[in-house]
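[1] Pasting a predicted model and its sequence here:
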Amino acid sequence: MIDVQLRLQRREFTLDVQVQLPDRRATALVGPSGCGKTTVLRAMAGLLHAAGRVTVAEQVWQDDATGRYMPAHQRAVGYVSQETSLFAHLNVRRNLEFGLKRVGLGSRRVSLDQAVVLLNLAALMSRNTHGLSGGERQRVAIARALLASPQLLLLDEPLTGLDAPRKAEVLECIRRLHEELAMPVIYVSHAMDEVRQLASHLVLMEAGRVSASGPLETVLRDAEPARLENRPSI
Amino acid sequence: MSTSEWSAVWLTLQLATVTTLLLLVLGAPLAWWLARSRSVLKPFWAALVAMPLVLPPTVLGFYLLLMLGPNGTVGQFTQAMGWGRLPFTFGGLVVASVIYSLPFVVQPLQQAFEAIPERVLEAASTLRAAPMDRFFSVAVPLARPGFLTAMLLGFAHTVGEFGVVLMIGGSIPDKTRVLSVAIYEHVEAGEFNDAHRLAIGMLLFAFFVSVVLCVVNRPKREDAWS
């Protein structure tokens, strides 16, 4: 069970999220722009300190009641944002190896070969990052995050800015990696079609709060359609 | 060229090399802090680092002479430690040069570090890189053009300094008489041909550095960040 309880007071909005997510399943986090989805992900990754508690795979990453706070580099988390941040000074292979090298042999859950196959990167390995297309960059970024053997993979709108064929391609990769590695994934998206393809658990957010959380079909059945489709699919 | 002139060239190169290396070691963490810190004290430290840009070299040299001298605080400390006095020694020249060339090294490094997007460093931290690791394996390699600029400027500026070295080092052959001081003394003595020989060398060196800087800092065709 992934347990998330986070509170953050900002001038324009208050984040107050309390939610339990299933292990080994893909969760989609859906809600209008500015409702705090990215903030939740960043706080879970340890990139932003929101008060509260984050437990993943029975490991307490953060518990402000006991003063425990693991910085990002100590959390077994993978984080891919909408703007990829590949290292421009390293080629694709060295980008992939960055996280891999920093994980002890005993804790590695994904091999380089496995990630290369899953995200279809064999042809890109010796390329520089400059010349990569948007879809290629996202696939490299996802593989790089995977190779750090996270207990939880956070994907923040990784398909933004991709055209339809690229989207389908990356989406297929994400679905496969989730199935093959049984790695819990939290996927932030505006687009319900993506969510339907990928997630089995759905969390709806509105104005900094969780408005619904549960198995995808249940939440979809109970939610007002307007709340789900109030954003155009990007 | 005479032996004493070669000695001045050699001394200048030694001084510039030692100064540049020291400045990289001291300047890189300082520049990193200035680039990333949100401290309210940041403008104060940035202004302090930039001071040698606007301060007359003789003023800096004068106060350094007082501080490092036998009655100065630093001077008393170096004497208590058994290191002797710094003024009119090579060590004194190094201390003065490090201070005087500080902004020429720190500012290009700071700009290079500031150009690295936060999200790239965040990516490194979610890939298990601790802060020091991020600095050496991501920030430093991405700031490489900044390091090259900083090295060239620091080196060239140290080679070219005059007022500070004269104040703190005087003109002791083989010890503190650097090129710029040697040129000055030739001119004082009316030896214009000798002065010209050294000066033209400095001119060519400065032009070479300037060309390299232009090449290093030429605008990139594409955005290097990903």
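    Structure's in. What do you need? Numbers count the residues shown, from 1 in each chain, chains lettered A, B, ... in the order given.
[2] residue contacts, B:L53?
    B:P103 (CB atoms under 8 Å, 6 or more residues apart in numbering or on different chains). Bear in mind the C-beta positions are built from the backbone N, C-alpha and C, glycine included.
[3] What distance do you get for the nearest residue to B:L127 once chain neighbours are set aside to A:L118?
    With sequence-adjacent residues excluded and distances taken as CB to CB, 6 or more residues apart in numbering or on different chains, B:L127 is closest to A:G99, at 3.6 Å. Going from A:G99 to A:L118 by CB to CB, to the nearest Å gives 15 Å.
[4] More neighbours: which of those two?
    Under the criterion of other CB atoms under 10 Å in any protein chain shown, the comparison of A:G99 against A:L118 puts A:G99 first, with 24 against 21.
[5] give me the beta-bridge partners of the spatially most central residue of chain A?
    For chain A, A:L154 is the residue whose C-alpha lies nearest the centre (CA atoms, centre = their mean; 1.7 Å). Assessed by DSSP bridges, A:L154 has beta-bridge partners A:Y79, A:I186.
[6] got the contact list for the closest residue to B:P56 other than its chain neighbours?
    Closest residue to B:P56 apart from its sequence neighbours, by CB to CB, 6+ apart: B:G163 at 7.0 Å. Listed by CB under 8 Å, 6+ apart, the contact set of B:G163 reads B:56-58, B:60-61.
[7] how about CSV for the residues you listed, with secondary structure and neighbour count added?
    Listed next are the contacts of B:G163 as CSV, based on DSSP: H, G, I helix; E, B strand; the rest coil; neighbours: other CB atoms under 10 Å in any protein chain shown:
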residue, secondary structure, neighbour count
B:P56, coil, 11
B:P57, helix, 17
B:T58, helix, 13
B:L60, helix, 20
B:G61, helix, 24
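[8] TSV please, covering those residues and showing pLDDT.
    Shown next, in TSV, are these (pLDDT from 0 to 100):
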residue	pLDDT
B:P56	93
B:P57	92
B:T58	91
B:L60	93
B:G61	92
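[9] Quick one: name the residues of chain B near chain A.
    By CB under 8 Å from any CB of the partner chain, the part of chain B that sits against chain A consists of B:117, B:119-120, B:122-131, B:133-134, B:137-138, B:141-142, B:144, B:222, B:224-226.
[10] For the lengthiest helix in chain A, give me every contacting residue.
    Across chain A, the longest stretch assigned as helix under DSSP state H is helix A:164-181. Helix A:164-181 is contacted by residues A:26, A:109-110, A:114, A:118-120, A:133-135, A:138-139, A:142, A:146, A:155, A:158-159, A:162, A:183, A:185, A:187, A:194, A:197-198 when judged by CB under 8 Å, 6+ apart.
[11] Pull out the buried residues from it.
    Within helix A:164-181, the residues that count as buried by 16 or more other CB atoms under 10 Å in any protein chain shown are A:166-167, A:169-171, A:173-174, A:177-178, A:181.
[12] got it, and stretch A:74-82?
    Quick answer for stretch A:74-82 (16+ other CB under 10 Å): A:75-81.
[13] Repeat that for stretch A:15-22.
    Buried residues in stretch A:15-22 (16+ other CB under 10 Å): A:15-17, A:19, A:21.
[14] And the contacts of that stretch?
    Under the criterion CB under 8 Å, 6+ apart, residues A:1-9, A:27, A:36, A:39-40, A:43, A:50, A:184, A:186, A:201, A:203, A:205, A:208-210, A:213 lie in contact with stretch A:15-22.
[15] ditto for stretch B:86-99
    B:11, B:14-16, B:18-19, B:22-23, B:26, B:52, B:60-61, B:64-65, B:68-69, B:74-75, B:78, B:83, B:85, B:158, B:161, B:164-165, B:167-170, B:172, B:175-176, B:178.
[16] At the contact with chain B, which residues of chain A appear?
    Taking CB under 8 Å from any CB as the criterion, the neighbours of chain B within chain A are A:45-47, A:71-75, A:77-79, A:81, A:83-89, A:98-99, A:102-103, A:129-130, A:132, A:137, A:141, A:144-145, A:148.
[17] List only buried entries from the residues you listed.
    A:45-47, A:72-73, A:75, A:77-79, A:81, A:83-89, A:98-99, A:102-103, A:129, A:132, A:137, A:141, A:144-145, A:148.
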